[in-house]
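# Could you look at this predicted model? Sequence included:
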Amino acid sequence: MIKALENLSDRITVHYENQPCYDIVYSDSFENITAELEKNNIKNRKLCIVTESNVAPLYAEEFKRILEPCCKKVIIHEFPAGEQYKNVSTVNNIYETLIVNHFDRKDMLLALGGGVTGDITGFAAATYLRGIDFVQIPTTLLAQVDSSIGGKTGVDFKAYKNMVGAFYMPKLVYMNLSTLNSLPEREYLQGMGEVIKHGIIRDSEYFYWLKENVSGIFNKDFHTLKQLLFVSCNIKRNVVENDPKELNERALLNFGHTIGHAVEKVTDFSLLHGECVSVGINAASYLSMEKGLIDENTYRDILNVLETFKLPLTVKNIPSEQVVSATLNDKKMDGGIIKFILTDKIGNALISRDVSKADLLKSVEKVINHE
């Protein structure tokens with residue numbers, strides 16, 4: 001058993017500047033969220049559930065019904081699903097809803113959905129009236145293990161991912177694991193791109209635990225998923241507590257993302273984020289092998305785990321130079337130098353500033369299938 005699972009519980013507390021900031025709470029329903037929200041004195045507050053068009057028909061009205069007895073008023077703001085709507089126009093519509101319904105600084109936003117919903121809602125909360133409270137209620141595996149934790153909020157600008165945003169901490173992250181049952185397999189498994197990344201950069205024991213628990217993960221067994229989330233969320237908690245504003249260590253969470261984000265852009269977001277991260281992990285691991293940091297067996301082991309969870313290793317027929325160009329325009333650049341995350345063994349990652357454009361091109365060529 002993974003050492004971290006010896007302390008498995010229903011709650012993880014995330015600290016900010018050495019003080020308790022918010023809890024991550026695990027449940028099998030929405031029923032317990034009222035007790036959590038009442039800690040934030042919601043009785044006399046208005047709540048706005050922000051959700052998207054795929055999630056709203058499944059959960060929005062049920063969620064509203066649960067909340068209504070506990071607060072002053074609950075409204076639902078729905079926007080169209082899709083990465084293409086992760087923009088300032090969508091945030092403007094949230095502002096308008098809040099203004100029309102007379103939301104003030106004492107009121108609260110609730111982000112009900114995946115990573116796009118959480119990022120948009122968090123950014124709206126950070127900027128409306130210079131900041132109102134918000135809560136993350138992630139309904140996808142990807143959002144539960146990644147974007148709901150750490151206070152990163154933002155929107156895309158044209159084709160540039162997450163270029164406009166703010167660090168803004170939620171008051172609570174509430175995970176109803178039963179929402180994962182409504183996800184199509186592809187949408188569910190894309191979250192494993194981030195999960196596998198956590199094992200590669202921080203915990204080899206966890207990486208191999210994933211291989212041993214394939215059946216429970218595919219079958220969405222509650223106890224298995226709770227274990228998975230507990231370890232992944234603790235890995236991310238530890239990193240963001242040490243570096244909340246991504247000045248150093250937090251950059252390790254970008255393993256697989258530098259090229260992954262570029263692939264997203266060049267393919268016009270036709271691939272899911274976790275799938276692009278998987279392609280990026282392949283590229284970063286290959287580059288790690290080329291630089292002598294890992295051996296071929298380790299590289300193959302990483303690819304095997306990605307393939308086990310039906311994640312792509314390559315992408316078809318996109319221009320290599322466009323991917324490299326998009327990488328060089330990424331916000332992860334540091335003073336004109338590529339800040340690239342490599343691995344020197346499963347369970348450890350490092351920041352390299354010694355990756356040339358030629359290195360990038362070589363690793364990009366590795367993950368493009370020119371059929």
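Cool, the structure landed. Numbers count the residues shown, from 1 in each chain.

# which SS class is residue 12?
strand (DSSP: H, G, I helix; E, B strand; the rest coil).

# Which residues are in contact with it?
Going by CB atoms under 8 Å, 6 or more residues apart in numbering, residue 12 touches 23-24, 230, 233-234, 237. All C-beta spots, glycine's among them, are computed from the backbone N, C-alpha and C.

# Then residue 297?
So residue 297 contacts nothing (CB under 8 Å, 6+ apart).

# Distance check, it against residue 121.
Applying CB to CB, to the nearest Å, the value for residue 297 to residue 121 is 43 Å.

# next one: residue 313
33 Å.

# Give me the more crowded residue out of the two.
Remark: of residue 313 and residue 121, residue 121 carries more neighbours, 29 against 18, as counted by other CB atoms under 10 Å.

# ok, that one touching residue 132?
No - taking contacts as CB atoms under 8 Å, residue 121 lies outside contact range of residue 132: 10.8 Å.

# can you list residues touching both of the two?
Common contacts of residue 121 and residue 132, defined by CB under 8 Å, 6+ apart, comprise residue 109.

# any chance you could map the strands in this protein?
Along the chain, the stretches classed as strands by DSSP state E are 11-16, 19-27, 46-52, 73-79, 108-113, 133-138, 152-157, 160-167, 172-176, 315-316, 340-345, 348-352, 368-369.

# Mean confidence (pLDDT) on the first one, please.
In this model, strand 11-16 has a mean pLDDT of 94.

# what distance separates that strand from the centre of its chain?
Put simply, strand 11-16 sits 17 Å off its chain's centre (CA atoms, centre = their mean, to the nearest Å).

# Ok, the longest one next?
Using CA atoms, centre = their mean, the mean C-alpha position of strand 19-27 is found 16 Å from that of the whole chain.

# strand partners of it, parallel vs antiparallel please.
Strand 19-27 sits in its sheet next to strand 11-16 (antiparallel), strand 172-176 (parallel), going by DSSP bridges.

# export the shortest one as CSV, just CAs?
As requested, C-alpha coordinates have been extracted for strand 172-176 and formatted as CSV (Å, rounded to 0.1, in the frame of the first residue of the first chain):
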residue,chain,number,x,y,z
LEU,A,172,-14.0,24.9,-0.5
VAL,A,173,-13.5,22.1,-3.0
TYR,A,174,-16.3,19.6,-2.8
MET,A,175,-16.0,16.4,-4.8
ASN,A,176,-19.1,14.3,-5.4
